[in-house]
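A.B. asks: What would the 3D arrangement of this be:
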Amino acid sequence: MQAQKYNAASASLGIVGDVADVKTTTSGGIALVGGGGSVNAAFKWMIQKSGGGDVVVITASGSAGYNEDIYNMGGVNSVQTLNIISREQADNDTVANIIRNAEMLFIGGGDQSNYMKYWRGTKTQDAINYLMNVKKVPVGGTSAGCAILSGIYYSGEDGSVVSDKALNNPYMKDVTLYNNDLLHAPYLEHVITDQHYLARKREGRHVTFLARIIRDWGIYAKGIAPDEKTAVCIDQEGNAKVFGVSKAYFIITDPTLPPERISANQPLQWVSNKKALLVYEIQGNETGAGNFSVADFSKEKASGGQWYNWYVENGKLIKTAALENKVKYAMVIHGGAGTITKKSMTPEKEKEYRAALTAALKAGYEKIKAGKSSLDAVEAAIHILEDSPLFNAGKGAVFTHDGKNEMDAAIMDGKTLSAGAVAGVTNVRNPISAARAVMEKSEHVMMVGAGAEKFAKEAGLIIVDPSYFYTEKRWLDLKQAIKEDSMKSKLDHSFSPSKLGTINRDYKFGTVGAVALDHNGNLAAGTSTGGMTNKRFGRIGDAPIIGAGTYANNNTAGISCTGWGEFYIRNVVAHDLSALMEYKGLTLEEAGKTVIKKVGDMGGDGGLIALDKYGNVTMPFNTEGMYRGTVTEDGKIEIQIYGE
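C.D. replies: Numbering: from 1, shown residues only. Just a heads-up that it's a prediction; the model follows:
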């Protein structure tokens with residue numbers, strides 16, 4: 001690593017790394033950092049998009065502290081800081097060329113009025129805009145550097161305005177706004193940013209800025225505001241994620257809801273039926289939380305956060321939860337997917353299914369209501385389904401070709417990513433409890449067969465004679481399956497319509513599963529199954545395989561699958577859903593639809609249930625029906641069976 005000293009002609013405060021220029025393949029992006037300290041995850045996001053090239057930091061405060069900090073993160077060729085403190089330096093060809101040759105640019109904090117004063121109308125301004133719009137490299141800024149990245153910006157040239165004063169006099173001299181005369185970041189033309197948002201209580205002044213923009217220029221601008229040690233990172237397609245320890249806000253104005261009063265020496269009035277501004281709040285994390293489309297500020301595309309309405313009454317900012325917030329669910333369960341139609345189900349049998357699903361939800365919800373963990377809730381709900389002969393799990397398990405009941409189950413803790421599973425057990429009354437015991441009382445993740453049964457007994461679980469699992473309906477299913485094709489496995493619930501309560505044959509996958517969200521925000525998922533009628537040779541499906549049929553991660557979702565197991569294993573469906581959310585920014589619903597489509601495209605069928613940490617639920621399936629149910633955080637239960 002080489003280092004150079006300050007060079008007045010180039011404004012350089014020094015460079016670390018390889019002084020030879022390199023050319024790399026870059027990807028554009030904008031990082032808006034709220035100040036108050038670095039957000040290393042945002043720097044790493046930018047470094048990845050830089051392709052490992054040369055980093056340039058520009059400032060007017062005289063500090064080169066970022067050089068070592070960024071370089072030591074690795075993955076870059078060099079880091080150089082330019083201290084541009086005059087218009088002469090800003091218009092210098094050497095300075096401009098250093099900026100133009102960068103594969104990543106970061107604008108430090110300080111005083112944005114100096115940036116405006118020194119850089120506006122110079123070659124430095126042109127170079128920055130070239131990087132963002134032509135060369136397409138990642139460009140970021142913190143505090144003052146964040147302020148000037150939006151097309152509309154607050155200069156602070158007459159001193160920093162505070163919220164209370166701005167709200168009570170929107171035209172006080174300190175409110176100095178400029179409209180697209182400096183930087184032109186993609187997607188930010190009609191956006192104004194603010195920083196140090198919660199730490200310095202700047203929500204009120206930001207709202208005042210938006211009101212002034214409407215009144216002065218007729219522009220219904222949008223707002224983006226990260227708090228301290230928090231960053232909004234916007235990719236080349238305009239999709240934003242939030243990194244860091246605090247929150248960021250996305251503010252939408254409505255052309256049909258203008259301020260009622262905005263004039264000098266009078267408090268702002270912007271009530272509009274208490275819906276003046278629609279605000280989306282996302283809590284940041286290390287890997288990038290939520291998803292918000294800065295490209296169009298679409299309400300429908302937002303995920304991972306909460307909606308609020310803000311309004312101003314006589315100079316006072318008021319915040320309320322918005323109706324746009326979806327119902328928050330505490331638990332979702334399933335009892336299998338297949339050819340389940342209204343016309344083929346007798347009223348009596350439908351009533352039985354609904355009662356069993358309701359009982360399972362009540363059992364799980366009671367645990368959550370009592371302050372128990374999501375693991376407790378999942379186990380309690382699945383116990384009910386395992387003890388019912390209606391479902392292919394526990395008491396209702398199907399028979400193998402050899403006339404045995406061989407059951408599988410898995411459970412996973414979204415907080416710790418701990419997991420447990422059993423497969424091929426024949427005498428454990430509740431296999432889901434055996435799976436949990438493996439997770440909590442052993443160093444292993446999966447146990448099978450006799451070993452799993454021995455472990456379950458030593459763990460104190462209820463062991464029963466295998467005859468406990470015999471049901472006449474399942475036995476007749478096996479006989480018919482062997483008769484039809486002794487070498488071709490048939491899925492459970494496929495015969496004996498009078499017993500099932502159907503008129504037509506029901507090729508149904510009878511796995512059961514549950515996902516729960518507890519009061520501590522922790523997710524858990526569990527799945528239990530008897531497998532496939534007439535299965536041979538120790539066949540095991542997706543249910544006990546972590547990542548295939550069962551998965552939970554607090555950062556994304558809890559998932560339990562039901563379907564043709566081989567396709568779920570080959571597609572690693574449960575983990576794929578989580579990965580699509582974590583790495584691609586898909587919503588829970590989008591990710592669910594995507595993975596079920598993959599299963600269908602390969603020739604498989606089935607469904608899944610998923611619940612994220614915000615209480616959103618999705619239950620996609622590509623069959624005619626799926627036994628499923630939800631319970632909200634306030635205890636409202638809903639049961640669905642058909643493809644409604």
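
A.B. asks: Can you name every helix or strand that the lengthiest helix in the chain contacts?
C.D. replies: Counting residues, the longest helix found in the chain (DSSP state H) is helix 347-369. Packing partners of helix 347-369 (3 or more Cβ pairs under 8 Å, 6 or more residues apart in numbering; DSSP states H and E): strand 329-338, helix 374-386, strand 512-517, strand 625-632, strand 637-642. Any C-beta I mention is one placed from the backbone N, CA and C, and that applies to glycine too.

A.B. asks: how does it look with 6 Å?
C.D. replies: Packing contacts for helix 347-369, counted by 3 or more Cβ pairs under 6 Å, 6 or more residues apart in numbering; DSSP states H and E, involve strand 329-338, helix 374-386, strand 625-632, strand 637-642.

A.B. asks: Nearest approach to residue 123 belongs to which of these?
C.D. replies: Closest to residue 123 of the helices and strands packed on helix 347-369 is strand 329-338 (Cβ to Cβ; 55.3 Å).

A.B. asks: got the contact list for that closest one?
C.D. replies: 360, 364, 368, 381, 391, 506-517, 562, 606-607, 609, 611, 615, 617, 621, 623, 626-633 (Cβ atoms under 6 Å, 6 or more residues apart in numbering).

A.B. asks: do the same with stretch 428-438
C.D. replies: Contact with stretch 428-438 is made by 379, 382-383, 386, 407, 409-411, 420-422, 425, 444, 447, 456, 459, 461-462, 464, 526, 528, as judged by Cβ under 6 Å, 6+ apart.

A.B. asks: let's go with 7 Å and repeat that
C.D. replies: Counting contacts by Cβ atoms under 7 Å, 6 or more residues apart in numbering, the residues outside stretch 428-438 that touch it are 375, 379, 382-383, 386, 394, 407-411, 420-422, 425, 444-445, 447, 452-453, 455-456, 459, 461-464, 468, 526, 528.

A.B. asks: Mean confidence (pLDDT) on it, please.
C.D. replies: Across stretch 428-438, pLDDT averages out at 98.

A.B. asks: Show me which positions of that stretch end up buried.
C.D. replies: Residues of stretch 428-438 classed as buried under the neighbour-count rule (16 or more other Cβ atoms under 10 Å) are 428, 429, 430, 431, 432, 433, 434, 435, 436, 437, 438.

A.B. asks: Give me the outermost residue of this structure relative to its centroid.
C.D. replies: Note on the chain: the largest C-alpha distance from the chain mean falls to residue 483, namely 48.3 Å (Cα atoms, centre = their mean).

A.B. asks: any idea whether it is helix, strand or coil?
C.D. replies: helix (DSSP: H, G, I helix; E, B strand; the rest coil).

A.B. asks: Report pLDDT for it.
C.D. replies: pLDDT for residue 483: 83.

A.B. asks: Distance of it relative to residue 397?
C.D. replies: Here residue 483 is placed at a distance of 20 Å from residue 397 (Cβ to Cβ, to the nearest Å).

A.B. asks: so the longest helix of the chain versus strand 512-517, what angle?
C.D. replies: With axes from the mean of the first three to the mean of the last three Cα atoms, to 10 degrees applied, the angle from helix 347-369 to strand 512-517 works out at 30 degrees.

A.B. asks: Could you list the low-confidence segments of this protein?
C.D. replies: 1-9, 323-326, 485-509, 644 (pLDDT under 70).

A.B. asks: Okay, domains of it per the record?
C.D. replies: Listed domain ranges for the chain are 2-321, 329-400+409-432+470-642 (source: automatic domain parsing).

A.B. asks: Give me whichever of those is most buried.
C.D. replies: domain 329-400+409-432+470-642 (a mean of 22; mean count of other Cβ atoms under 10 Å).

A.B. asks: what's the straight distance from one end of it to the other?
C.D. replies: In domain 329-400+409-432+470-642, first residue to last residue: 20 Å (Cα to Cα, to the nearest Å).

A.B. asks: chain center to that domain: distance?
C.D. replies: Computed by Cα atoms, centre = their mean, to the nearest Å, the chain-centroid distance of domain 329-400+409-432+470-642 equals 23 Å.
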